[in-house]
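Asker: Sharing a model prediction with you, sequence too.
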Amino acid sequence: MAVSIKPLADRVIVAPAAAEEKTKSGIIIPDTAKEKPQRGEVVAVGEGKVADNGSLVKPQVSVGDQVLYGKYAGTEITVDGQDYLIMKESDIFAIL
């Protein structure tokens with residue numbers, strides 16, 4: 001899944017996972033009650049952050065990683081009809 005935009009510095013573009021359609025017990029969740037997903041797949045990564053001493057700190061995530069991030073992290077964008085989140089790498093909590 002290639003994206004036509006390249007994030008700068010320590011920014012990461014994430015394709016959020018689809019919201020749950022029904023509970024584990026089989027109850028269908030209506031659109032108004034669905035929660036925003038907190039996991040997704042990294043589709044693009046910036047070059048990294050410049051440290052105070054001038055050296056480049058490489059990102060810890062890479063394209064294809066499944067990640068967990070904060071519920072309200074990032075900015076929603078749409079590219080070629082696909083929804084993405086662009087966020088700082090520090091908004092990512094864990095790699096799955």
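Answerer: Everything's here; your move. The shown structure was predicted, so the numbers you read here are calculated from the model rather than taken from an experiment.
Asker: Could you use CA atoms for every contact and neighbour count after this?
Answerer: Will do.
Asker: Rounded mean pLDDT for stretch 4-19, please.
Answerer: The average pLDDT within stretch 4-19 is 88.
Asker: Val14 reaches Gly40, doesn't it?
Answerer: Yes. Contact criterion CA atoms under 8 Å: Val14 and Gly40 qualify, at 6.0 Å.
Asker: Which of the two has more residues huddled nearby?
Answerer: More crowded of Val14 and Gly40, by other CA atoms under 10 Å: Val14, with 27 against 22.
Asker: Now do that one against Gly70, distance only.
Answerer: The spacing between Val14 and Gly70, counted by CA to CA, to the nearest Å, is 12 Å.
Asker: Any idea what the residue lying closest to Ala15 once chain neighbours are set aside is bridged to?
Answerer: In space, and not counting its chain neighbours, Ala15 is closest to Tyr84: 4.8 Å by CA to CA, 6 or more residues apart in numbering. Using DSSP bridges, the bridge partners assigned to Tyr84 are Ile77.
Asker: contacting residues for Tyr84?
Answerer: Tyr84 is in contact with 13-16, 76-78, counting by CA atoms under 8 Å, 6 or more residues apart in numbering.
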